[in-house]
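Student: prediction below, plus the sequence it came from.
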Amino acid sequence: MKANVWAGRNRLEIQDVPDPQILNARDAIVRVSSTAICGSDLHLVDGYIPTVKKGDVLGHEFMGEVVEVGPGVHNLHTGDRVVVPFPIACGACFACEAELYSVCENSNPNAGMAEKLMGHAPAGIFGYSHMLGGFAGGQAEYVRVPFADVGPIKVEDDLPDEKVLFLSDIFPTGFMGAEMCDIKPGQTIAIWGAGPVGQFAAASAFLLGADRVIVIDRFPYRLRRVQRTGAEVLNYEEVNVLEALRDMTGGRGPDACIDAVGMEAHHPTPAMYAYDRTKQAARMETERPYALREAIMACRNGGVVSVIGVYGGFVDKFPMGTVMNRSLTIRTGQCHVQRYTEPLLQRIRAGEIDPSFVISHRMPLSEAPRGFELFKNKQDECNKVVLTP
Ligand SMILES: [Zn+2]
Ligand SMILES: [Zn+2]
């Protein structure tokens, strides 16, 4: 089959790779009908996530048709149309019982690698490095889906791929980012990053009752797109974000702040950006946590900082003093997607949200490397790329 393969730092290739096979009783094989490029894929492509190897198939956002099931899968059948969550979860361990699917204790065969870096291991993730299981990803014609009786959600044919594909990651991720803010009526939520996850976080914050949502980015086309959710916007190349947020909130600061940027933040102050960029390039820190630092500084006393941007390792100059002295709560996690697929599908079905609003580009899988270039370099107002095998 054809697949989008990591061929070295900043090198992607469409290659012929072996078709996936059923390996365990609870596996299924899915023929991919739609798959997407995610911002977190960019951290893999440019080499900032450790343990990616040449030949790895990328992609963790995909859906399609079940073409084969193992003997232990009783709830799916050949021909079923499914969306597959990006974390792989067994459904029965301590973490899964607590609905903490992205830290499933049974789905990461390379847990030892992750334990060295993180203390304990998170779940396996499709197409996301060997430390996270070494599973082949969904930017391919077919995918092996482990624990297929737990993760995939069946979707009737009445909803097109474009409306349900993002249940695999970015809609639940944005939603969880907003949910972790414990939003009360009348509250103001600030979000760093107007990419697709920031856009879903903004839409979700309104769904959960926020009064105002303020989104911070520097790309006018992304800010325009997030304005469609009803959010107000700040371009950090034009305003001092901390001052602007204070002014907009009567001096108190936003009730909660969401970091939807993660480890490769850009910085408006050249010296600070250079500091983090240099340390990251020298592998002395793995992250450029500028958005996170600013979110912490901006948040009102006693507020919540919700981190859904992806981090890989260690941050530098972390303002712990302000977290402690100002009674902030930091909440974070890779999304526990399986917790959200059914309720969010119901919201899509009820017409509360149409997730296809994030799509800017559609192209065949064979053009995935070009799609990555457009997305990475923010060319052609690229917001979200959907690939069809
Ligand atoms: Zn993703
Ligand atoms: Zn589990």
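Tutor: Received, thanks. Ligands and ions are numbered 1, 2, ... in the order given.
Student: how about the residues of the protein by ligand 2?
Tutor: Contact residues, the chain versus ligand 2 (Cβ under 5 Å from the ion): 89, 90, 93, 96, 104, 106. All C-beta spots, glycine's among them, are computed from the backbone N, C-alpha and C.
Student: what about the residues you listed, which are in strands?
Tutor: In strands, judged by DSSP state E, none of the residues of the chain next to ligand 2 are found.
Student: roughly how far does the spatially closest residue to residue 6 that is not a sequence neighbour sit from ligand 1?
Tutor: Nearest non-adjacent residue to residue 6, counting by Cβ to Cβ, 6 or more residues apart in numbering: residue 56, 4.7 Å away. Here the criterion is Cβ to the ion, to the nearest Å. By it, residue 56 lies 16 Å from ligand 1.
Student: equivalent analysis for residue 366, please.
Tutor: 21 Å.
Student: now residue 84
Tutor: Distance from residue 84 to ligand 1, by Cβ to the ion: 12 Å.
Student: helix or strand for residue 47, which one?
Tutor: Residue 47 belongs to no helix or strand when assigned by DSSP states H and E.
Student: didn't it look like it was pressed against residue 9?
Tutor: Yes: Residue 47 lies in contact with residue 9 (Cβ atoms under 8 Å); the separation is 4.3 Å.
Student: ok and the residue in the stretch 151-300 of the chain nearest ligand 1?
Tutor: Nearest residue of the stretch 151-300 of the chain to ligand 1, counting by Cβ to the ion: residue 169, 3.8 Å away.
Student: list the contacts for that residue?
Tutor: By Cβ atoms under 8 Å, 6 or more residues apart in numbering, the contact set of residue 169 is 36, 38, 60, 61, 85, 86, 335, 337.
Student: how much space between it and ligand 2?
Tutor: Following Cβ to the ion, the distance that separates residue 169 from ligand 2 is 18 Å.
Student: was I right about residue 16 contacting residue 5?
Tutor: No: using Cβ under 8 Å, residue 16 makes no contact with residue 5, being 9.5 Å away.
Student: which one of those two has more residues nearby?
Tutor: residue 5 (23 against 8; other Cβ atoms under 10 Å).
Student: which helix or which strand is home to that one?
Tutor: strand 2-6.
Student: how about the contacts made by the residue nearest the centre of the chain?
Tutor: In the chain, the residue lying closest to the centroid (Cα atoms, centre = their mean) is residue 170, at 5.1 Å. Residue 170 makes contact with 36, 38, 61, 196, 197, 200, 358, 384, according to Cβ under 8 Å, 6+ apart.
Student: check whether the helix or strand hosting the fifth one contacts ligand 1.
Tutor: Just to be clear, that refers to residue 197. Assigned by DSSP H and E, residue 197 falls within helix 196-207. No: if you take Cβ under 5 Å from the ion as the test, helix 196-207 misses ligand 1, and the best it gets is 7.8 Å.
Student: packing partners for that helix?
Tutor: If you count contacts as 3 or more Cβ pairs under 8 Å, 6 or more residues apart in numbering; DSSP states H and E, helix 196-207 packs onto helix 170-179, strand 188-192, strand 212-217, helix 220-227, strand 256-259.
Student: the longest one vs strand 188-192, what angle?
Tutor: What it means is helix 170-179. Relative orientation of helix 170-179 and strand 188-192, computed by axes from the mean of the first three to the mean of the last three Cα atoms, to 10 degrees: 130 degrees.
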